[in-house]
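[1] I'll drop the sequence and a predicted model, then ask my questions.
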Amino acid sequence: MPRVVPEYKEEARTRILAAANQVFGEKGYRQATMDDVAKKLGVSKGALYLYFASKEELFEEICRTEPLAFKEILYSTFRENREPLESAGEFFDKMLKRYGSSSGLSFEIFSEASHNPALRRVLKKTQDEYAATLMSYLEEGRKRGFINRELDLRFITYALIALWNGIETIVATGLPVEDARRAWLEGFKAIFLQPPTHKRN
């Protein structure tokens, strides 16, 4: 583990967060310890405390950093002039690559937040950042013409977040990845890519 020197500090924090992601996903928040994270990295527990004062602080930092990763994945997949369904498939693949090895982490975050007011506040802020990023993208999509102008983007934003959370759930509980991917794409098509209905005279 690099020492606390400016040029190494960010690299060390990134490595700690990646290891903690795996540990919390595998063992659960309450069962996981700083010792477990240290063992995953092959360092002493004391080295972790140079960067994070407690397990709680480490867990909250994981929650805070995720919107940045989500934003990068969203904007790198749903690019202008790309076919929307192709973009949706690439989004699924990138999200699975990032979170597939720690699919239980989302459950741990929600479970702990349900009775931890401090974490619930962090999670609410994180969700608001997810929603703002996604709504900004949807507004661009409306300008590009593939999102129906009649849709209320605020509620579509939360519907998409809920759809993705549900996809994560069925993957974590055993649905084959290919079936989950198909479910995601079918849901995406149903919301955005259905032909407009014509009113009867």
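    Cool, the structure landed.

[2] When you work out contacts or count neighbours from here on, use the C-alpha atoms and nothing else.
    Noted.

[3] Please give me every residue in contact with residue 129.
    Counting by C-alpha atoms under 8 Å, 6 or more residues apart in numbering, residue 129 touches residue 67.

[4] what does residue 68 give?
    Contacts of residue 68 (C-alpha under 8 Å, 6+ apart): none.

[5] so what's it scoring on pLDDT?
    pLDDT, residue 68: 75.

[6] now do the one 10 residues further on
    As summarised for this prediction, residue 78 has a pLDDT of 78.

[7] how close does it sit to residue 35?
    Distance of residue 78 to residue 35, computed by C-alpha to C-alpha, to the nearest Å: 40 Å.

[8] the more surrounded of the two?
    Taking other C-alpha atoms under 10 Å, residue 78 and residue 35 do not tie; residue 78 has more neighbours (20 against 15).

[9] In space, what's closest to that one - neighbours in sequence excluded?
    Spatial nearest neighbour of residue 78, chain neighbours left out: residue 87 (5.1 Å); criterion: C-alpha to C-alpha, 6 or more residues apart in numbering.

[10] quick one: contacts for the one you found?
    Residue 87 makes contact with 77, 78, 79, according to C-alpha under 8 Å, 6+ apart.

[11] among those, which are in helices?
    Residues of those located in helices (DSSP state H): residue 77.

[12] Tell me the helices and strands packed up against the helix or strand hosting residue 11.
    Secondary structure assignment for residue 11, by DSSP states H and E: helix 6-27. Secondary-structure packing of helix 6-27 (3 or more C-alpha pairs under 8 Å, 6 or more residues apart in numbering; DSSP states H and E): helix 34-41, helix 55-77, helix 105-113.

[13] Turn the ones you listed into JSON lines, columns for distance to residue 83.
    Formatted as JSON lines, the helices and strands packed on helix 6-27 follow (distance: least, C-alpha to C-alpha, whole Å):
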{"stretch": "helix 34-41", "distance to residue 83": "41"}
{"stretch": "helix 55-77", "distance to residue 83": "10"}
{"stretch": "helix 105-113", "distance to residue 83": "29"}
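
[14] so which of those gets nearest residue 24?
    Nearest to residue 24, of all these, is helix 105-113, at 6.1 Å by C-alpha to C-alpha.

[15] How far does that closest one sit from its chain's centre?
    Taking C-alpha atoms, centre = their mean, to the nearest Å, one finds helix 105-113 lying 12 Å from the centre of the chain it belongs to.

[16] likewise stretch 132-145?
    For stretch 132-145, the distance to the chain centre is 19 Å (C-alpha atoms, centre = their mean).

[17] Reformat the contacts of residue 87 as a markdown table; add distance to residue 21.
    Output for the contacts of residue 87, formatted as a markdown table (distance: C-alpha to C-alpha, whole Å):
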| residue | distance to residue 21 |
| --- | --- |
| 77 | 23 |
| 78 | 26 |
| 79 | 28 |
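
[18] Of the contacts of residue 87, which is the nearest to residue 148?
    Ranked by distance to residue 148 (C-alpha to C-alpha), the contacts of residue 87 are led by residue 78 at 16.8 Å.
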